[in-house]
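Engineer: Predicted model, plus sequence, below.
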Number of protein chains: 2
Amino acid sequence: MSEPLHVNLSIRIFSDRKCFGPGVATLLHRVEERHSLRAAAASMEMAYSKAWAVLHNAEEGLGFKLLHSRTGGRSGGGATLTDEARRMLAAYEDYCTALREYGDRLFAEKFAFYPELTRRP
Amino acid sequence: MSEPLHVNLSIRIFSDRKCFGPGVATLLHRVEERHSLRAAAASMEMAYSKAWAVLHNAEEGLGFKLLHSRTGGRSGGGATLTDEARRMLAAYEDYCTALREYGDRLFAEKFAFYPELTRRP
């Protein structure tokens, strides 16, 4: 009747405000692929103004820039990640992977009693 | 300028659906204090119909009852937690405490580089 339980973690980083989480991480990946914040936002069905505000808020909270922006020039403008953005993104993903692995093991241990609850008459 | 970073975890349990998390846990604590789902819901500024739906969905997902309900009788009705609800609530809180402790230690390790990013000119 009831399926095995599993745990789902939402992992967000704060300073004086929320400044890094799954939304910012996805946005940075899309910028890296598309070299454009506008294209990155569109690929997530997010308004450009919203994507800009999310990144600006993250930059203010972190204390450094996440994107290099160029307007015009030979490459026709576009955006790339700063070294700091790459480092935060890599650390966030490394952290999430390690925490989820631990969390799954701990969950199996702490909720080992669950099947017996569902077997009662 | 920028404050130290910290991590915030949202921890939710799923079977075939979301069935346990901070909302259900708070609701169960309030029922335990107030012996009434209606009073518990009101204390959280939640509609009774919403609280009922949240608990019903959790019970369906978990495969057992969370509340004993009595109508009328010497005690004038009211609600108490089932043994299974107490066990889930205790396990959830134990799990959250242990995972947050680990998560904080891991965060300090994985983000130890952060202060140097904010010190750059």
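Structural biologist: Noted; the coordinates are in hand.

Engineer: what packs against the helix or strand hosting residue A:107?
Structural biologist: Using DSSP states H and E, the element containing residue A:107 is helix A:83-110. Helix A:83-110 sits against strand A:6-14, helix A:22-34, helix B:83-110, helix B:114-118, with contacts defined as 3 or more Cβ pairs under 8 Å, 6 or more residues apart in numbering or on different chains; DSSP states H and E. The C-beta positions use only the backbone N, C-alpha and C, and glycine is treated the same way.

Engineer: Please list the residues of chain A that sit near chain B.
Structural biologist: Contact residues, chain A versus chain B (Cβ under 8 Å from any Cβ of the partner chain): A:1-16, A:18-19, A:61-64, A:84, A:87-88, A:91, A:94-95, A:98-99, A:102-103, A:106-107, A:110-111, A:113, A:117-118, A:120.

Engineer: what's the burial count for residue A:39?
Structural biologist: Counted with other Cβ atoms under 10 Å in any protein chain shown, the neighbours of residue A:39 add up to 15.

Engineer: Now the element after the lowest-mean-pLDDT helix or strand in chain A, going C-ward?
Structural biologist: Lowest mean confidence among the helices and strands of chain A (mean pLDDT, DSSP states H and E): strand A:67-70, at a mean of 82. Following strand A:67-70 in sequence order, the next helix or strand is strand A:78-81 (DSSP H and E).

Engineer: Strand partners (parallel or antiparallel) of that next one?
Structural biologist: Using DSSP bridges, strand A:78-81 pairs in its sheet with strand A:67-70 (antiparallel).

Engineer: tell me how far the strand it pairs with is from the chain's mean position?
Structural biologist: Its chain's average C-alpha position is 20 Å from that of strand A:67-70, according to Cα atoms, centre = their mean, to the nearest Å.

Engineer: and the gap between the residue nearest the centre of chain A and chain B?
Structural biologist: Nearest to the mean C-alpha position of chain A, counting by Cα atoms, centre = their mean, stands residue A:22 at 2.2 Å. Here residue A:22 is placed at a distance of 11 Å from chain B (Cβ to the nearest Cβ, to the nearest Å).

Engineer: repeat for residue A:23
Structural biologist: The value you get for residue A:23 to chain B, if Cβ to the nearest Cβ is used, is 14 Å.

Engineer: what about that residue, how many residues close to it?
Structural biologist: Neighbourhood size, residue A:23 [other Cβ under 10 Å]: 16.

Engineer: who touches it in this structure?
Structural biologist: Residues in contact with residue A:23 (Cβ atoms under 8 Å, 6 or more residues apart in numbering or on different chains) are residue A:54.

Engineer: Restricting to C-alpha, output stretch A:19-28 in CSV.
Structural biologist: Output of stretch A:19-28 as CSV, limited to C-alpha atoms (Å, rounded to 0.1, in the frame of the first residue of the first chain):
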residue,chain,number,x,y,z
CYS,A,19,22.1,34.5,-1.4
PHE,A,20,22.7,31.1,-3.0
GLY,A,21,20.4,28.1,-3.7
PRO,A,22,19.1,25.9,-6.5
GLY,A,23,17.7,28.8,-8.5
VAL,A,24,20.9,30.8,-8.6
ALA,A,25,22.9,27.6,-9.4
THR,A,26,20.6,26.8,-12.4
LEU,A,27,20.8,30.3,-13.6
LEU,A,28,24.6,30.3,-13.5
